[in-house]
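Participant: The sequence isn't on hand, but the structure is:
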């Protein structure tokens, strides 16, 4: 048996008339009759009683009708499932992100995807950028939001977000109280700096060192941490000062963030996925949300 034969049989079983069934199937009558005879020969049983006036189901035909309906329904469901998965409307989307992406629109993206594809399971995994790149290359993630200045080798992607760095000070810092005009980094060259760990995110580390070099000094790095919120919290408690992406300005109480003079050095977030093949359907579902909301101030 094949699905074509079962479909022909099911329509004839409903219509009980070869002419009407053939018209419904957009066939001429001989191919329909031939397909039904083939099916009966394969099953070794008569499925219909044919007279000059009517076509009636035999007991074997009635039994097959119930099974055929179930099989055809299951085939239709399987076809729909495959189509939905291929189009990214169903399945599982594993997204890597670092904590600061929460302040750059990730919750909005997840909410929009749930509304667009309610049967798609979205799984978020917090990792630093290096961990995400490794996970993507080993097919442990479908997409990631990495904080790098360029797209890594082996990955395709699109720039999602770019923003300037700002000076992060404790609320009781003298410069925070002044708060007027752009901050001058050179005036803070003797302060202790809190940086994102070089081992966790070398791009962020080098970006901040480069900003200080442009201002005419090398920062005195006192503390290295793994999360931006830890940077901001330590600043709030007077452990030092920091340069952070502008989107983190309101992330922690007790800090003040001041703008810096314009600079080509910015904090960039890329949405990336494994290269070398068409993007999976679930990634194609993600991309309109990513491309619809990049922030490039």
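Facilitator: Yep, that arrived. Fair warning: this is a prediction, and the values are worked out from it, not measured in the lab.
Participant: can you pull out the helices in the stretch 1-150 of the chain?
Facilitator: 3-15, 18-24, 29-43, 59-87, 106-116, 129-137 (DSSP state H, counting those that start in this stretch).
Participant: and what of the stretch 151-297 of the chain?
Facilitator: Counting by DSSP H, counting those that start in this stretch, the helices of the stretch 151-297 of the chain are 174-178, 202-215, 228-236, 281-291.
Participant: Which residues does the third one contact?
Facilitator: Put plainly, it is helix 228-236. Helix 228-236 is contacted from outside by 98-100, 168-171, 194-196, 223, 225, 240-242, 244-245, 248, 251-255, using C-beta atoms under 8 Å, 6 or more residues apart in numbering. Any C-beta I mention is one placed from the backbone N, CA and C, and that applies to glycine too.
Participant: and residue 32, what does it touch?
Facilitator: 8, 12, 18, 21-22, 25.
Participant: Can you name the residues bridging to residue 258?
Facilitator: Counting by DSSP bridges, residue 258 is bridged to residue 167.
Participant: Tell me the spacing between it and residue 12.
Facilitator: Going from residue 258 to residue 12 by C-beta to C-beta, to the nearest Å gives 80 Å.
Participant: ok, those two, which is more surrounded?
Facilitator: residue 12 (26 against 19; other C-beta atoms under 10 Å).
Participant: which non-adjacent residue is nearest the more buried one?
Facilitator: residue 21 (4.2 Å; C-beta to C-beta, 6 or more residues apart in numbering).
Participant: Need the winner for burial among the helices of the stretch 151-297 of the chain.
Facilitator: With neighbours taken as mean count of other C-beta atoms under 10 Å, these reach their highest mean count in helix 228-236, at a mean of 22.
Participant: now the angle between helix 202-215 and it, please.
Facilitator: Computed with axes from the mean of the first three to the mean of the last three C-alpha atoms, to 10 degrees, the direction of helix 228-236 lies at 40 degrees from that of helix 202-215.
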